[in-house]
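Chemist: Sequence first, then the predicted structure, then my questions.
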Amino acid sequence: MGHIPRFVGSGNYANAFGKQWLMFAKTQLDSYTGLSLSAERLERCLGHPIGRLEGLRVLEAGSGAGRFTELLLKAGAWVDSFDYSNAVEANWKNNGGNERLVLVQADVRRMPFPAEAYDLVVCLGVVQHTPDPDETVRSLWSRVRPGGRLVFDHYRRKVRNYLPPPLGVAGMVYRWYFLALPEEKQFDAVKRVFDFWFPVIWKFRRSRLAQFLLSRLTPIVNYWPHFGLRDRDMYYEWMLLDTHDAMTDVYKHRRTSGELRRLLHTLGAEDVRTRHAGNGVEVACRKPVHVQA
């Protein structure tokens with residue numbers, strides 16, 4: 001799509017994400033599902049209703065297919081949005097043409113957006129997948145205006161994520177296998193494994209013991225029943241999407257809430273709030289207003 005400004009080359013560590021969002025362009029959009037999962041997550045991270053964003057200038061880092069972009073625009077915000085991958089093409093199909101949206105392909109470490117210019121900088125599902133999460137947070141922070149807010153999330157560090165099954169999870173073993181494959185073969189390989197295990201997981205979905213054992217043996221990201229999706233087909237689509245996401249990310253960092261709080265305090269952040277929810281740790285903070293000399 002030639003109308004999307006590009007500030008990066010054609011290939012980078014986020015290629016797998018770009019491929020998946022082009023394939024699942026509408027899967028997680030509330031306007032498509034008829035559910036409010038994206039809105040609930042965004043409002044939880046913000047700490048207030050989305051409607052309070054009306055008229056604000058928002059920078060969205062790592063927009064994927066635009067599940068949050070459409071909500072920010074619906075709320076009446078002015079949105080500058082970008083992704084490192086060609087997922088921006090899916091976002092453009094979903095949200096392009098809105099006069100309050102600027103959409104580009106860019107690197108979070110070298111954003112083509114002005115410093116200290118945004119009322120809100122929001123980055124969900126991204127920081128842990130970048131080469132250096134601390135560098136990423138600092139870069140995001142540099143775009144927040146004095147008095148503005150930064151909101152992001154990060155995978156949480158847990159002991160079981162580093163232990164082999166059955167004490168830990170099998171996902172990390174599968175992930176090593178998938179990442180060793182040529183990039184063009186990864187999705188098909190993930191889908192073959194997914195299609196083998198999904199019928200078993202679905203058949204025994206009401207058995208807590210079976211689900212516990214399967215979570216230790218398979219790489220499947222299981223959303224039943226807590227996501228409240230409509231039917232088996234919707235669970236299949238969401239779980240395949242996020243299983244691929246979890247198995248093909250080049251970078252997968254984890255942080256504790258304490259580590260994230262300490263980083264933000266070194267930046268001078270105020271009103272730092274962290275909670276264990278969603279992807280792991282959800283963070284919100286405010287940049288202090290400069291004191292005039």
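Modeler: The structure has been received and is ready for your questions.

Chemist: Could you list the low-pLDDT ranges of the stretch 151-293 of the chain?
Modeler: 291-293 (pLDDT under 70).

Chemist: Swap in 80 and give it another go.
Modeler: Judged by pLDDT under 80, the stretch 151-293 of the chain has its weakly predicted residues at 159-168, 290-293.

Chemist: Quick one: the helices in it, in order.
Modeler: Read by DSSP state H, counting those that start in this stretch, the stretch 151-293 of the chain holds these helices, from start to end of the chain: 171-180, 183-203, 208-217, 232-248, 257-266.

Chemist: need these in TSV with mean neighbour count and distance to residue 133, can you?
Modeler: For the C-beta atoms, the positions are set from N, CA and C on the backbone; glycine is no exception. Output for those, formatted as TSV (neighbours: other Cβ atoms under 10 Å; distance: least, Cβ to Cβ, whole Å):
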stretch	mean neighbour count	distance to residue 133
helix 171-180	15	18
helix 183-203	15	23
helix 208-217	14	26
helix 232-248	19	17
helix 257-266	16	9
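
Chemist: measure residue 156 to residue 243 for me?
Modeler: Distance, residue 156 to residue 243, by Cβ to Cβ, to the nearest Å: 19 Å.

Chemist: Sorry, slip of the keys, the one I care about is residue 20.
Modeler: 10 Å.

Chemist: what do you get for residue 123?
Modeler: Look at residue 123 and residue 243: by Cβ to Cβ, they are 23 Å apart.

Chemist: To which secondary structure element is the spatially closest residue to residue 109 that is not a sequence neighbour assigned?
Modeler: Sequence neighbours aside, residue 139 is the residue nearest to residue 109 in space, at 5.5 Å (criterion: Cβ to Cβ, 6 or more residues apart in numbering). Assigned by DSSP states H and E, residue 139 falls within helix 133-141.

Chemist: Okay, buried residues for that helix please.
Modeler: By neighbour count on 16 or more other Cβ atoms under 10 Å, the buried set for helix 133-141 is 133-134, 136-137, 139-141.
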